[in-house]
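Novice: structure of the sequence below:
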Amino acid sequence: MTKATYPQCRIVPLRMLKPDSSEKLLNRVTDVPGIRRMMINGPSLPATVPYGPARGRPNPNSNRKMITVGGSDMELRVQLGLVTIEMEDESVTEEIRSVCDAFFTKFPYQLQTGQFMKTRASLVDYAKYGPDADEAIIGLVDPRKTEGPVIIRK
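Specialist: Below is the predicted model of the structure:
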């Protein structure tokens, strides 16, 4: 299980990022040494229309694309609204801040510090992945999703 002593921070841009901008930001952030795990959040980009008269039909959203982050291809299932990062130590926060200062030149962002991810396995984690779940996915489980999280390892 992860320990509660690992510091966490959250990058909150003023605007939602498009896939190209998301890919650039995530690649710059993953290049920072000392990051344990990272999670992105934002509004869902479903492959099919989930409700209404067009329910079940393909959802032609141009923001749902394949991007490459840290050498791994992944499908962007959300429009990037915030990035939550768990780090090895507090000094990594300043490196992330300098990366964000260089990246966000056209609109502002906030870098928040605190506790944003669960640090111990919850009942949902146990039910979905069992007692020997990978430490990297603890607290990142969405019980309603059939697909698992994308794990990028260096």
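Novice: how many neighbours does the nearest residue to S91 once chain neighbours are set aside have?
Specialist: Closest residue to S91 apart from its sequence neighbours, by Cβ to Cβ, 6 or more residues apart in numbering: G34 at 7.3 Å. Every C-beta, even on glycine, is put in place using the N, C-alpha and C of the backbone. For G34, the count of nearby residues is 14 (other Cβ atoms under 10 Å).
Novice: G34: what's it in contact with?
Specialist: Residues in contact with G34 (Cβ atoms under 8 Å, 6 or more residues apart in numbering) are M87, E88, D89, S91, V92, E95.
Novice: surely the second one and V32 touch.
Specialist: When you say that, I think you mean E88. No: distance between E88 and V32: 10.5 Å, which falls outside the contact criterion (Cβ atoms under 8 Å).
Novice: what about the two, which has more around it?
Specialist: Neighbour totals were compared for E88 and V32, and V32 leads with 15 against 12 (other Cβ under 10 Å).
Novice: how much space is there between the more buried one and L25?
Specialist: Distance of V32 to L25, computed by Cβ to Cβ, to the nearest Å: 12 Å.
Novice: where does the prediction get shaky in the protein?
Specialist: Applying pLDDT under 70 to the predicted model, the residue ranges of the chain that meet it are 1-4, 141, 143, 148-149, 151-154.
Novice: repeat the analysis, applying 50 as the threshold.
Specialist: Applying pLDDT under 50 to the predicted model, the residue ranges of the chain that meet it are 1-3.
Novice: for the chain, just list every one of the strands.
Specialist: Secondary structure of the chain (DSSP state E): strands located at 8-13, 35-41, 66-69, 72-75, 82-87, 109-114.
Novice: hey, which of these is tucked in deepest?
Specialist: Stretch with highest mean neighbour count among these: strand 82-87 (a mean of 21; mean count of other Cβ atoms under 10 Å).
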